[in-house]
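Undergrad: Sequence and predicted structure are below.
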Amino acid sequence: MTKNGYQVLARKYRPQKFADVVAQDPIVTTLKNAIQMKRTAHAYLFCGGRGCGKTTVARLFAKALNCTAPSDDHEPCNHCSSCCEIAAGHAIDVLEIDGASHRGIEDIRHINETIGFTPVGGRYKIYLIDEVHMLTKEAFNALLKTLEEPPSHVKFFFCTTESHRIPATIVSRCQRFNLRRIPVEKIQQQLSYICQENGITAEPQALTLIAEKAEGSLRDALSIFDQIIAFEKGAISAQTVTEMFGLPPQDICFALDEAIFRQDIAALFKIAAEVFSSGCHLAYFTEELIAHFRLLLLVKCGQKADKKIEETAKGYRKEQLIQILEMVIEGQQALKVASSEKTAFEMLLLRMARTQQQLPLETLVQRLLTMEKKFSTNQSFEVPSPNSEKLAPQISEDPLPLPSDLPLKPAKVELKKESLPPSIQEQSRFDTVMRFAAKELNGSIKKI
């Protein structure tokens, strides 16, 4: 708790027992069973994104191992001296080391020199290294022998957000646990519980927006919620969250859908201007577009959603939604390097609207099959083709004479289009149609 008596929500509601850990049930069950069966390993590696509970689970495990009065289901009591010292962060037997600031070989050498000392009060001496991927290569190498054969009273707990940076020789000596991102529903439930505990009124939609913005991190969600509480004195609404973080208006995605359906170019430019004038960062808005069109695609694939989403999905084709998603993802990268973000963003919206005019894939394929059938039966059909005569190279009728000392080779003769037989002319027109189709499908057709 700080001097002014206030403790941020992320610290106040940090889990103090395994039952409080959110959305990591398989890992919690495995650790508790290991304690019950007395099969605890000497080294554990906890991997996962930010704010998903890596360090929290490691501390709880350290508490449970050194607790003097654990419960029947191996939960730490949180009352003994060992539990209280670990919770306060100054336990003698549980050493928390920041891998980012203690990453050199000298720091690891200090661990190797002190590892032989027995624990003072608990059963185990535990080294908890956070952000372990920050250790240097030499530090990892110095740790190898100790990590493989430590004394029986020593445990190593490693936490990292970038497990790919840890050498395989270290990973192979640890039991690895991958903590998953916390689902939006679980984060929303936790925020609702905190609202009840603190007498805070908040709309469910507002909590959903906070949970989505946290991107699977409960710590991020609690930090955002702390900021919202300080910003809004009364009830917290979805509009408050939108204004606080400069998020795009909630109905703007549906307005974009209507503009695409109507092919209303003026409305598209108006939407772009509204996004810019609202102060919304384009990265946030493109993420909202991806989430919106992804949900529409899932609805087209059979997933249930609210009535408004389902009605909107009827106006799109499945292939069209996939194409739009690809456009938005590519547009995210283009916006980062564009000289004019607004113009690049407007062009992205126009390209998205153009997909509404494109023929469905099934229709185009059926037309091509019909043309192929007519061609195979020598039926005539009209095909628009480019004026390729101007582009075709012409062969001079009087080639230059060859020197007499060179061996003669058969001359290559290029026939003009007018001199080709009708069947070959039909084949040429059919190839032109197929190339037009390939362009429409954003692909290519190779001649066999």
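TA: Thanks, I have it.
Undergrad: and the host helix or strand of Lys336, how far from the chain's centre?
TA: Mapping Lys336 onto the secondary structure by DSSP states H and E places it in helix 318-337. The gap between the average C-alpha position of helix 318-337 and the chain average comes to 15 Å, counting by C-alpha atoms, centre = their mean, to the nearest Å.
Undergrad: Could I have the CA atoms of that helix written out in PDB?
TA: The C-alpha atoms that make up helix 318-337 are tabulated as PDB, following Å, rounded to 0.1, in the frame of the first residue of the first chain:
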ATOM      1  CA  LYS A 318     -17.700 -15.600 -47.500                       C
ATOM      2  CA  GLU A 319     -14.900 -15.100 -50.100                       C
ATOM      3  CA  GLN A 320     -15.600 -11.300 -50.000                       C
ATOM      4  CA  LEU A 321     -15.000 -11.200 -46.200                       C
ATOM      5  CA  ILE A 322     -11.800 -13.200 -46.600                       C
ATOM      6  CA  GLN A 323     -10.600 -10.700 -49.200                       C
ATOM      7  CA  ILE A 324     -11.500  -7.700 -47.100                       C
ATOM      8  CA  LEU A 325      -9.600  -9.200 -44.100                       C
ATOM      9  CA  GLU A 326      -6.600  -9.600 -46.200                       C
ATOM     10  CA  MET A 327      -6.900  -6.000 -47.500                       C
ATOM     11  CA  VAL A 328      -7.100  -4.600 -43.900                       C
ATOM     12  CA  ILE A 329      -4.200  -6.700 -42.700                       C
ATOM     13  CA  GLU A 330      -2.100  -5.500 -45.600                       C
ATOM     14  CA  GLY A 331      -3.400  -2.000 -45.100                       C
ATOM     15  CA  GLN A 332      -2.100  -1.900 -41.600                       C
ATOM     16  CA  GLN A 333       1.500  -2.300 -42.800                       C
ATOM     17  CA  ALA A 334       0.900   0.200 -45.700                       C
ATOM     18  CA  LEU A 335      -0.400   2.900 -43.200                       C
ATOM     19  CA  LYS A 336       2.900   2.700 -41.200                       C
ATOM     20  CA  VAL A 337       5.000   3.800 -44.200                       C
END
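Undergrad: continuing past it, what's the next helix or strand?
TA: Elements were assigned by DSSP H and E; along the chain past helix 318-337, the next helix or strand is helix 341-354.
Undergrad: and the angle from the following helix or strand past that following helix to helix 318-337?
TA: Sequence-wise, the next helix or strand beyond helix 341-354 is helix 361-376, with elements assigned using DSSP H and E. Between the direction of helix 361-376 and that of helix 318-337, the angle (axes from the mean of the first three to the mean of the last three C-alpha atoms, to 10 degrees) works out to 110 degrees.
Undergrad: tell me the mean pLDDT for helix 361-376?
TA: Helix 361-376 shows a mean pLDDT of 73 in the predicted model.
Undergrad: got it, and stretch 88-104?
TA: Averaging pLDDT along stretch 88-104 yields 87.
Undergrad: Report the buried residues of it.
TA: Across stretch 88-104, burial judged by 16 or more other C-beta atoms under 10 Å covers Ala91, Asp93, Val94, Glu96, Ile97, Gly99, His102, Arg103. For the C-beta atoms, the positions are set from N, CA and C on the backbone; glycine is no exception.
Undergrad: From the residues you listed, pick the one nearest Ala168.
TA: Nearest to Ala168 among those: Gly99, at 17.8 Å, using C-beta to C-beta.
Undergrad: residue ranges with poor pLDDT in this protein?
TA: Under the criterion pLDDT under 70, the flagged ranges of the chain are 1-5, 246-250, 279, 359-362, 375-448.
Undergrad: which residue ranges form the strands in it?
TA: Along the chain, the segments classed as strands by DSSP state E run 43-47, 94-98, 125-130, 154-160, 175-178.
Undergrad: which one of those strands lies closest to Leu369?
TA: Among those, strand 175-178 sits nearest to Leu369 (C-beta to C-beta), with 48.4 Å.
Undergrad: The closest one pairs with which strands?
TA: Strand pairing for strand 175-178, determined by DSSP bridges: strand 43-47 (parallel).
Undergrad: what residues does the strand it pairs with touch?
TA: Strand 43-47 has contacts (C-beta atoms under 8 Å, 6 or more residues apart in numbering) with 54-55, 57-58, 61, 132, 147, 150, 155-161, 163, 166, 170-171, 173-179.
Undergrad: how much space between Ala10 and Ile228?
TA: Ala10 sits 14 Å away from Ile228, taking C-beta to C-beta, to the nearest Å as the criterion.
Undergrad: which of these two has more neighbours?
TA: Under the neighbour definition other C-beta atoms under 10 Å, Ala10 and Ile228 were set side by side, and Ile228 has more, 21 against 17.
Undergrad: I'd like to know which of the contacts of strand 43-47 are buried.
TA: By 16+ other C-beta under 10 Å, the contacts of strand 43-47 give 54-55, 57-58, 61, 132, 147, 150, 155-161, 163, 166, 170-171, 173-174, 177, 179 as buried.
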